[in-house]
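*Asks:* This is a predicted model, with the sequence first.
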Amino acid sequence: MRSIWNGAISFGLVSIPIKLVNATESHSISFRQVHTEDNGRIRYRKFCELEDREVTQSEIGKGYEEADGTIVPITDEDLSHLPIPTARTIEIVAFVPADRIDPLQMDAAYYLAASGAPAAKPYTLLREALKRSNKVAIAKYALRGRERLGMLRVVGDAIAMHGLLWPDEVRAPEGVAPDADVRVRDKELDLADALMDTLGEVDLEDLHDEYREALEEVVAAKAAGETPPEAPEPAKGGKVLDLMAALEKSVRAAKESRGEGAEPAETEEAQVTTLPSKKSASAARKTAAKRPTAKEAATTKKAASAKQAATAKTAKKATATKSTAKKTPAKKATAKKTAASRKRSA
């Protein structure tokens, strides 16, 4: 890794020669501005507004603009005379617990590499001192023309430095929190805790930039003359009216995604409802109006039972009549046969 700054760590009377190396890198895909008609590159040229001509980089310097528009030129020589003791030194000013640092102050990260064999011993001494104390070092240093604040901590066997914003560069969160007086019930907090426990932890190595991967597929498809893949339609959810229901549903979904069975709820499960449209609400009111009352339903049921009983009685009577009609001819035939037999005998 190429160093971007050379200097030393000032640790009391101990000086540690170091090199500053970027600890992070960006994998973002960048685009060029092009002319849409012919894909020609769009470039920016630097012009002097007084001479109306393009100037080279060697002709460009620094200047401070006053409120009235006047430009005050500032040269590199002017800057070199500034009374900054940290011009080539990372000066440690204090050691504090790591939780004293507000994450809002965290900025770019660097690795501090020991510069040469003589730096190995004091470098290791500082690293082990930081390890044993469970503290971080607060330091001041100058980089790219300004003095900065930094935090030194141990990462593996190396010392890393995080650039910090100055305290007055961090805005207070005024007007950010809700103005309304909102009360949260204990049961809602319990469900929120259950959701946090169900989601559990994650290995940061498993996380990746899905947007960048999709963008790479689009670029590859366009380069090959193919149609870029289309993203699936996002799921549309209703407006949840019941916070408890949303929490319970989230817990169940998280358990299912982790392959865990949903545990039965101790209380009746809340239902997630969505805001109905005016049309569906009107239809619901008409349907409710058409429903019979309890008294009307009872009368209808009683009349149906009576009708059913009368139908059954009529069917029974018809069956009995039919049976009798079948038996009568049989009896007459038997009597006639018996009389004829007696006559022959006589």
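*Replies:* The structure has been received and is ready for your questions. Numbers count the residues shown, from 1 in each chain.

*Asks:* Please make it C-alpha for all contacts and neighbour counts, starting now.
*Replies:* Noted.

*Asks:* Next, count neighbours for Asp78.
*Replies:* Residue neighbour count, defined by other C-alpha atoms under 10 Å, stands at 9 for Asp78.

*Asks:* In the stretch 151-300 of the chain, mark out all the helices, start to finish.
*Replies:* Assigned by DSSP state H, counting those that start in this stretch, the stretch 151-300 of the chain shows helices spanning 186-199, 210-223, 243-257, 278-290, 294-345.

*Asks:* Residues contacting the second one, please?
*Replies:* Spelled out, that is helix 210-223. For helix 210-223, the external contacting residues (C-alpha atoms under 8 Å, 6 or more residues apart in numbering) are 28-29, 227-229.

*Asks:* Quick one: buried ones out of those?
*Replies:* Pro228 (16 or more other C-alpha atoms under 10 Å).

*Asks:* Farthest-apart pair in the contacts of helix 210-223, please.
*Replies:* Of all pairs drawn from the contacts of helix 210-223, the greatest distance, 22.6 Å, lies between Ser28 and Thr227 (C-alpha to C-alpha).

*Asks:* Roughly how far does His35 sit from Lys187?
*Replies:* Per C-alpha to C-alpha, to the nearest Å, His35 is found 59 Å from Lys187.

*Asks:* What residues of the helix or strand that contains Ala113 count as buried?
*Replies:* Per DSSP states H and E, Ala113 falls inside strand 106-114. Residues of strand 106-114 classed as buried: 106, 109-114 (neighbour count, 16+ other C-alpha under 10 Å).

*Asks:* Could you report the neighbour count for Met196?
*Replies:* Counted with other C-alpha under 10 Å, residues neighbouring Met196 total 13.

*Asks:* oh sorry, the question was meant for Thr70
*Replies:* A count of neighbours around Thr70, defined by other C-alpha under 10 Å, yields 10.

*Asks:* correct me, but Val154 touches Lys131?
*Replies:* Yes - using C-alpha atoms under 8 Å, Val154 is in contact with Lys131, at 6.8 Å.

*Asks:* which stretches of the stretch 201-346 of the chain have low pLDDT?
*Replies:* The model of the stretch 201-346 of the chain has pLDDT under 70 over residues 234-241, 260-346.

*Asks:* What are the boundaries of the strands in the stretch 51-200 of the chain?
*Replies:* For the stretch 51-200 of the chain, the strands defined by DSSP state E, counting those that start in this stretch cover 53-54, 62-65, 71-74, 89-97, 106-114, 135-143, 146-155, 158-164.

*Asks:* Quick one: closest of those strands to Met244.
*Replies:* strand 106-114 (36.0 Å).

*Asks:* and that closest one, C-alpha only, in PDB?
*Replies:* C-alpha atoms of strand 106-114 as PDB (Å, rounded to 0.1, in the frame of the first residue of the first chain):
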ATOM      1  CA  MET A 106     -15.600   9.500  13.100                       C
ATOM      2  CA  ASP A 107     -14.100  10.300   9.800                       C
ATOM      3  CA  ALA A 108     -11.600   8.700   7.400                       C
ATOM      4  CA  ALA A 109      -9.500   5.800   8.600                       C
ATOM      5  CA  TYR A 110      -5.700   5.200   8.200                       C
ATOM      6  CA  TYR A 111      -3.100   2.700   9.100                       C
ATOM      7  CA  LEU A 112       0.100   3.900  10.800                       C
ATOM      8  CA  ALA A 113       3.000   1.800   9.500                       C
ATOM      9  CA  ALA A 114       6.400   1.800  11.200                       C
END
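
*Asks:* if we can go back for a sec, so what strands line up beside the strand holding Ala113?
*Replies:* Here strand 106-114 has these sheet partners by DSSP bridges: strand 14-22 (antiparallel), strand 158-164 (antiparallel).

*Asks:* any idea of the angle that strand forms with strand 146-155?
*Replies:* Per axes from the mean of the first three to the mean of the last three C-alpha atoms, to 10 degrees, the angle that strand 106-114 makes with strand 146-155 is 70 degrees.

*Asks:* can you list contacts of strand 106-114?
*Replies:* Contacts to strand 106-114, defined as C-alpha under 8 Å, 6+ apart, come from residues 16-24, 120, 123, 158-165.
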